[in-house]
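1. Kindly return the folded structure for what I paste below:
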Amino acid sequence: MRQAYFAGGCFWCITPSFTELEGVSQVVSGYSGGDEEDPTYEEVKGQRTHHRESIRIEYDETLVSFETLLDIFLKNVDPFDGGGQFIDRGASYTLAIYAQNEAEHDAAQAAIARLEAEAGKPTAIALEPFKAFYDAEEYHQDYYLKNPEAFEKEMIESGRRKAEVSE
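-> Just a heads-up that it's a prediction; the model follows:
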């Protein structure tokens, strides 16, 4: 199994984008990007660390490629928002791809370049070397499954999902 690490704003909101994908065995919410060891949710959300809310995707590369994961990531974020994602603001909600090796770095760099060329403007996606990942507290794991009503409300209020209008 391989791991991929992305910061896509609220980790609750980005997790379901990957969980049903063939070849993905687990998506873990956590913190990455900073140097502080064992950060807490309150510290990260309060901008008291240099970490971002992040996810670790555990996947079988014979069934799904890193490039496919990148593509899904980029389709589920606002790549041009440098201040956070949707209603979640601050450095801990900014975007990052954490490359573990040259191949991941090159793939991410190429995906970002394609997106920028298509849009005609620069993205706000940090491409950084992977340092460490710290699992978030248990109540954050699989939040969308444990709290479906609250999760749906968060997705709509954040602007990530449009509310369905009944007629």
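2. dump the residue contacts of S17.
-> By C-beta atoms under 8 Å, 6 or more residues apart in numbering, S17 lies in contact with 72-73, 75-76. Backbone N, C-alpha and C define where each C-beta goes, glycine included.
3. measure it to G120 for me?
-> Separation of S17 from G120 (C-beta to C-beta, to the nearest Å): 26 Å.
4. And E20, by the same measure?
-> When E20 is compared with G120 (using C-beta to C-beta), they lie 33 Å apart.
5. buried set for the helix or strand of the chain with the lowest mean pLDDT?
-> The weakest-scoring helix or strand in the chain, judged by mean pLDDT, DSSP states H and E, is helix 148-158 (a mean of 83). Of the residues in helix 148-158, 151, 154-155, 158 count as buried by neighbour count, 16 or more other C-beta atoms under 10 Å.
6. quick one: contacts of it?
-> Here helix 148-158 makes contact (C-beta under 8 Å, 6+ apart) with 10, 12-13, 85-88, 143-144, 161-163.
7. can we see that at 6 Å?
-> Here helix 148-158 makes contact (C-beta atoms under 6 Å, 6 or more residues apart in numbering) with 86-87, 143-144, 161, 163.
8. Doesn't I57 belong to a strand?
-> Yes: I57: assigned to a strand according to DSSP: H, G, I helix; E, B strand; the rest coil.
9. can you count the residues close to it?
-> I57 has 27 neighbours, counted by other C-beta atoms under 10 Å.
10. Equivalent analysis for S92, please.
-> Neighbours of S92 under the rule other C-beta under 10 Å: 27.
11. residues touching the nearest residue to it once chain neighbours are set aside, list them.
-> Spatial nearest neighbour of S92, chain neighbours left out: V44 (4.9 Å); criterion: C-beta to C-beta, 6 or more residues apart in numbering. By C-beta under 6 Å, 6+ apart, the residues touching V44 are 31, 51, 92.
12. repeat that with 8 Å
-> With the criterion set at C-beta under 8 Å, 6+ apart, V44 makes contact with 31, 51-53, 92.
13. cool, K146 as well?
-> Here K146 is in contact with Y139 (C-beta under 8 Å, 6+ apart).
14. any idea how far it lies from T15?
-> 11 Å.
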